[in-house]
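Asker: Task: produce atomic coordinates for the following.
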Amino acid sequence: MTIFDLLTLIGGLAMFLFGMNVMGGSLEKISGGKLESILEKMTNNRIKGLFLGLVVTAIIQSSGAVTVMAVGFVNSGIMALKQVIGIIMGAHIGTTVTAWLLSLTGIEGSNIFIQLLKPSSFAPVLAFIGIIINMFAKGDKKKNVANILIGFAILMMGMNTMSSAVSGLKDVPEFTSLLLKFSNPLLGVIAGALLTAVLQSSSASVGILQALSATGAVSVSVAFPIILGMNIGACMPVLISAIGTNKNAKRTAGVNVVLAVSGVTLAMIVFYGANAIFGLPFFAEQVNATSIAVIHSVFNIFAAAVLFPFGGVFEKLMYKIIKDDPHTDKANEETTLIEDRFLLSPAYALDKIKEKCDEMALLAKTNISMSLDFLKIYSKNKDEKISKNEKLLDQYEDELETYLVQISALDLGINDSMRLSKYSHAIGNFERIGDYGVNILKTKRKMHKERIHFTEDANKELDIMAKAVKEIIENSTNAFINNDIELAQTIEPLEQVINNLKAQLRARHSRRMSDGECTIENGMLFFDIINSFERIADHCSNLAVCIIELSQGSYQTHSYLKEVKNSDNKHFMESFEEYLNKYAIR
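Answerer: Okay, the predicted model is just below:
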């Protein structure tokens, strides 16, 4: 093997890893976070978990990503440890699909149909089709499909390049001698574990072994322990992801290691025990890419079948190894709204952001509702609840905005970018709505302490405007939560009515102040309340514009408002007149 063969091997490995990354990333994007959502919602028993773990891993081509997501599920409290054990077992089986795809490189035969099945024949065609689609197609989905084709083609070309580069090693005695050392079970397991730990991918390390099998120097006795070791090495990314998590997440990473080590131990006992007793005839036979895929699959299916009934035992074992400390755990464990591990799937991470935005919407709506009720009767209990909710809203804004910044740094499609923009606008508006609820609270608190009261007419006017504000906050939060475009279109006419009400109430209260019915101090408090009402309506309007405009693929606030308030806009004028009559001051 010359230096040029080595350079070719490195280039082939680079193509292989790049192709795998492109294909896996595009498969993840095209799923749009749906696979992770299915995992979250349909793992109430281990059998479902195993099946779903297998399917999701086979589709996104990464057992590490699925298992790291499982750690995130447990760390955030979405799942219990017992639910993810099945997912982990299924992920170990699902990762073998890649080896079967790579085994196509080992197809031999002169028949034209067999030749067409070889990657060297179809990979260039797939790459060409993918490039054409990528150049001319519009839309994220088509481009993702194109990238899957390109990634798969590059993956296969890289595999062929590696196989060609190492083919000359069959005539190198030193290489054969080195491989024979790995027939020692312990050395073989260590070598496989180290290779996979470095590459952070069992699929990649199996692919390299399949490429080496092209030399004809890899026997079953060599390949078997290396493959077993690869399953242990695949635990490394999961162990790293568990750093800084709570104890349940650490137990999840721990159970992944225990399952891998237990499966490897049982397989070695069965395989080497059978060879010692019966003398397995295929022990010294050479392997190819297909037989490596067979060994990889059989081992993982065997391990899952044997260990599956003992899922509860492994769960109890992890609780004994990593024990709870009832005095310090709850106080010391850091809680976050959304798991950083979900960033492995940007679409799913945005789904979780949407859930938290919905929670913000409900918190903001609750605060405004309590603040409006507050105007009638002071309640210390509601005072404390509003203050507590406001602190939560501030926490949501800080953490969610930071999380959105992290997502924005990822490779997002157009649809996900629009969603990110929508949620960013929503987070800011919900937080500001909560702030104005607190402003109303402070005003009423001052009135209660200093025994300040408005006139009967002033209270009636505030009640009318409060009802309008209550409706606009109800409609805007429901429109956001349900992405209801039709409901969002009712916000702007009502916001205009609330603006008119503010002007009317200021004028009427100014007259009362001039007539001596109200003091200047009372007047300032009255103006503070109606200003807060008007600002709440403004932020509801911002939400509505965001919902409507981003649903149409743009965000042009000023042009939208100019168009919607046009006197020729029949729908706006009808709604405006309806709300004007509904909230008229008589």
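
Asker: Quick one: residues contacting the nearest residue to Ser369 once chain neighbours are set aside.
Answerer: Nearest residue to Ser369, sequence neighbours excluded (C-beta to C-beta, 6 or more residues apart in numbering): Lys470, at 6.6 Å. Where C-beta positions appear, they are placed from N, C-alpha and C, glycine not excepted. Lys470 is in contact with 368-369, 372, counting by C-beta atoms under 8 Å, 6 or more residues apart in numbering.

Asker: As JSON lines, those with pLDDT would be great.
Answerer: Converted to JSON lines, the contacts of Lys470 look like this (pLDDT from 0 to 100):
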{"residue": "Ile368", "pLDDT": "91"}
{"residue": "Ser369", "pLDDT": "89"}
{"residue": "Leu372", "pLDDT": "85"}
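
Asker: Show me the residues you listed that map onto strands.
Answerer: Among the contacts of Lys470, no member is found in strands (DSSP state E).

Asker: Of the residues you listed - the most surrounded one?
Answerer: When these are compared by neighbour count (other C-beta atoms under 10 Å), Ile368 ends up highest, at 27 neighbours.

Asker: still on that earlier bit, would you list the contacts of Lys470 in a markdown table and tack on distance to Lys34?
Answerer: Converted to a markdown table, these look like this (distance: C-beta to C-beta, whole Å):
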| residue | distance to Lys34 |
| --- | --- |
| Ile368 | 34 |
| Ser369 | 34 |
| Leu372 | 39 |
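
Asker: circling back: pLDDT (mean, whole number) over the helix or strand harbouring the residue nearest to Ser369?
Answerer: Using DSSP states H and E, Lys470 maps to helix 456-482. Helix 456-482 carries an average pLDDT of 92.

Asker: Can you give me the buried ones in it?
Answerer: Along helix 456-482, these residues count as buried under the neighbour rule (16 or more other C-beta atoms under 10 Å): 458, 461-462, 464-466, 468-473, 475-477, 479-480.

Asker: Any idea how many residues pack against Asn581?
Answerer: Quick note: Asn581 (other C-beta under 10 Å) scores 9 neighbours.

Asker: whoops, Lys449 was the one
Answerer: Count around Lys449 with other C-beta under 10 Å applied: 9.

Asker: what's next to stretch 377-394, contact-wise?
Answerer: 360, 363-364, 366-367, 370-371, 373-374, 430-431, 434-435, 437-438, 441, 444-445, 447-448.

Asker: Quick check: buried residues in it?
Answerer: For stretch 377-394, by 16+ other C-beta under 10 Å, it's 382-383, 386, 389-390, 393.

Asker: out of these, who's nearest Ile133?
Answerer: Of all the buried residues of stretch 377-394, Leu393 has the smallest distance to Ile133: 44.8 Å, by C-beta to C-beta.

Asker: Helix or strand: which one has that closest one?
Answerer: helix 380-408.

Asker: I'd like the distance from that helix to the chain centre, please.
Answerer: Distance of helix 380-408 from its chain centroid, counting by C-alpha atoms, centre = their mean, to the nearest Å, is 21 Å.

Asker: Please apply the same query to stretch 147-167.
Answerer: Remark: stretch 147-167 is offset 29 Å from the chain centroid, using C-alpha atoms, centre = their mean.

Asker: pLDDT on that stretch, on average?
Answerer: Stretch 147-167 shows a mean pLDDT of 83.

Asker: three-state assignment of Lys422?
Answerer: helix (DSSP: H, G, I helix; E, B strand; the rest coil).

Asker: Same question for Ile338.
Answerer: coil.

Asker: Contacts only, for the residue nearest to it when sequence neighbours are not counted.
Answerer: The shortest distance from Ile338 to any non-neighbouring residue, by C-beta to C-beta, 6+ apart, is to Lys352 (4.9 Å). Contact analysis of Lys352 by C-beta under 8 Å, 6+ apart lists 338-339, 342.

Asker: Tell me which helix or strand Lys352 sits in.
Answerer: Using DSSP H and E, Lys352 sits in helix 346-374.

Asker: List the buried residues in stretch 416-436.
Answerer: Using 16+ other C-beta under 10 Å as the test for burial, stretch 416-436 gives 416, 418-436.

Asker: swap in stretch 274-292?
Answerer: Residues of stretch 274-292 classed as buried under the neighbour-count rule (16+ other C-beta under 10 Å) are 275, 287-292.

Asker: Show me which pair in those is furthest apart.
Answerer: Among these, Asn275 and Ala289 lie farthest apart (C-beta to C-beta), at 23.2 Å.

Asker: Look up how far Lys460 lies from the residue nearest to Phe533 when sequence neighbours are not counted.
Answerer: Take Phe533 and drop its neighbours on the chain: the residue closest to it by C-beta to C-beta, 6+ apart is Val469, 4.9 Å away. Remark: distance between Val469 and Lys460 (C-beta to C-beta, to the nearest Å) = 15 Å.

Asker: swap in Met20?
Answerer: Taking C-beta to C-beta as the measure, Met20 falls 70 Å from Lys460.

Asker: what do you get for Asn231?
Answerer: Asn231 is 74 Å from Lys460, by C-beta to C-beta.

Asker: Now Gln286. Its backbone dihedrals?
Answerer: Dihedral pair for Gln286: phi -70, psi 150, per degrees, to the nearest 10.

Asker: give the contact list for it.
Answerer: By C-beta under 8 Å, 6+ apart, Gln286 lies in contact with 213, 216-219.

Asker: give me that answer again for 6 Å
Answerer: Contact analysis of Gln286 by C-beta atoms under 6 Å, 6 or more residues apart in numbering lists 216, 219.

Asker: Look up how far Thr98 lies from it.
Answerer: Separation of Gln286 from Thr98 (C-beta to C-beta): 22 Å.

Asker: thinking again about what came up before, which ones among the buried residues of stretch 416-436 are found in helices?
Answerer: Among these, the members falling in helices (DSSP state H) are 416, 418-436.

Asker: pull the CA atoms of stretch 278-288 into CSV?
Answerer: Extracted C-alpha coordinates of stretch 278-288, given in CSV (Å, rounded to 0.1, in the frame of the first residue of the first chain):
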residue,chain,number,x,y,z
PHE,A,278,-18.8,-27.8,18.6
GLY,A,279,-16.0,-26.1,16.6
LEU,A,280,-18.0,-23.7,14.4
PRO,A,281,-17.0,-24.5,10.7
PHE,A,282,-17.3,-20.8,9.6
PHE,A,283,-15.1,-19.5,12.4
ALA,A,284,-12.0,-19.0,10.1
GLU,A,285,-14.0,-18.1,6.9
GLN,A,286,-13.4,-14.8,5.2
VAL,A,287,-16.2,-12.2,5.5
ASN,A,288,-17.5,-9.7,3.0
